[in-house]
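Participant: coords below, sequence missing:
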Ligand SMILES: O=C(O)c1ccccc1NCC(=O)[C@H](O)[C@H](O)COP(=O)(O)O
């Protein structure tokens, strides 16, 4: 059966990036709040961008082990629809934030080997969605957004009780294969639509949106 692939364009920093993502069919747009990232925004800048996002496109705040004061400052300033937790937040912290802020929470989990799959099962019990990402290398400066893919065979045929998003090193060129192997119905991209870290490109965004539409037209043989 054919199905639409929902796309999350992450790490948008400029109004033109947001409009390109929306025109390319984004279901989600992601704003990064992590000072060490070249994609990081302060709440005022994120608010200005968020106000340009039309209804129907979910605005996601990506944070990394943020404390309560930081999260409250972000959520007070920026109209958001979802939190993406990209640090070492425990399942208890995920559950707590979900209740406290009354927002759906997506927990990112890094995968490099079969041993990492148990964490996906754990977080799928407490989060509204899970983001199945590549595990960053030990010396990586960032816990995500590294343009690194993992071995998709590790999750072939795996399913969780909540919606999930495939992430990590996706590009317009490898998306069809990634979807074919994993059966993903939602995908996330950041580096794959950039010309340099933090610099999105309208042409690459359009190409990714088009690749996602094409990938959704291919009959799904994974049982999803
Ligand atoms: O993008 C960042 O700079 C970032 C910083 C800290 C934690 C996570 C970060 N990004 C995560 C993402 O953009 C995506 O959710 C995911 O990791 C895929 O990224 P990419 O491999 O670059 O497409």
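Facilitator: Great, that's in hand. Just so we're clear, the structure is a prediction, and the values are computed from it rather than from any experiment. Numbering: from 1, shown residues only.

Participant: Give me the residue at the spatial middle of the chain.
Facilitator: By Cα atoms, centre = their mean, the chain has its centre lying nearest to residue 188, at 4.4 Å.

Participant: so that residue sits in a helix?
Facilitator: No - the assignment for residue 188 (DSSP: H, G, I helix; E, B strand; the rest coil) gives strand, which keeps it out of a helix.

Participant: is it true that it touches residue 8?
Facilitator: Yes - contact criterion Cβ atoms under 8 Å: residue 188 and residue 8 qualify, at 4.3 Å. Any C-beta I mention is one placed from the backbone N, CA and C, and that applies to glycine too.

Participant: which residues do these two both contact?
Facilitator: With contacts taken as Cβ atoms under 8 Å, 6 or more residues apart in numbering, residue 188 and residue 8 have 28, 30, 165 as neighbours in common.

Participant: which among those residues gets closest to the ligand?
Facilitator: residue 30 (6.3 Å; Cβ to the nearest ligand atom).

Participant: Using just helix, strand and coil, how would you label the closest one?
Facilitator: Assignment for residue 30 (three-state DSSP): strand.

Participant: contacting residues for it?
Facilitator: Contacts of residue 30 (Cβ under 8 Å, 6+ apart): 8, 9, 10, 11, 12, 60, 61, 62, 84, 188, 190.

Participant: out of those, who's near the ligand?
Facilitator: Within the set of the contacts of residue 30, contact with the ligand (Cβ under 6 Å from any ligand atom) is found for 10, 11, 62, 188, 190.

Participant: Closest to residue 78 out of those?
Facilitator: Residue 78 lies nearest to residue 62 out of those, by Cβ to Cβ, at 11.9 Å.

Participant: what about the nearest residue to residue 174 once chain neighbours are set aside, neighbour count?
Facilitator: Nearest non-adjacent residue to residue 174, counting by Cβ to Cβ, 6 or more residues apart in numbering: residue 149, 7.0 Å away. Applying other Cβ atoms under 10 Å, we find 17 other residues in the vicinity of residue 149.
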